[in-house]
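Visitor: Just a sequence and a predicted model for now, questions to come.
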Amino acid sequence: MANHLDSFFGAMADPTRRAVIERLVGGPAPVSELHAPHDMALPSFLKHLRKLESAGLIRSEKQGRVRMVHIEAAPLAEAEHWLARQRRLWEEQTDRLESFAKSLDVASKKD
């Protein structure tokens, strides 16, 4: 699982790749549509798509003369699960810290 998360977060570290994922949440799109809002050469943009594909976040398929790109939900769900677990752990930590701080406050008022 750690390897998948490393790939996921590595791929998502770039704003161009995050924008592609955000766009694909709305449905599949041709490479030309994904590339249009980005001010970069197509070969550079294709490197971003390859990074996303190697992380398992997208898949592409040729439909006639058009290459369509689709989002893959499994890696997103895996990362979401990991983040939810981390959130629970941190919330438990802050709850314990809050309880400890309150106990100190109560103890200092008794003195």
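Guide: Ah, there it is. Because the structure is a prediction, the values reported are computed rather than measured.
Visitor: So what's the model's average confidence on the longest helix seen in the chain?
Guide: Looking across the chain with DSSP state H, the single longest helix is helix 73-110. Averaging pLDDT along helix 73-110 gives 85.
Visitor: for the nearest residue to Ala11 once chain neighbours are set aside, phi and psi?
Guide: Excluding the flanking residues, the one nearest Ala11 by CB to CB, 6 or more residues apart in numbering is Ala55, at 3.8 Å. The C-beta positions use only the backbone N, C-alpha and C, and glycine is treated the same way. Main-chain torsions, Ala55, degrees, to the nearest 10: phi -80, psi 0.
Visitor: Same check on Ser60?
Guide: When read as degrees, to the nearest 10, the backbone of Ser60 gives phi -130, psi 150.
Visitor: What helix or strand is the spatially closest residue to His35 that is not a sequence neighbour located in?
Guide: Distances taken as CB to CB, 6+ apart put Phe45 closest to His35, at 4.7 Å, once the chain neighbours are dropped. In this structure, Phe45 sits in helix 42-54 according to DSSP states H and E.
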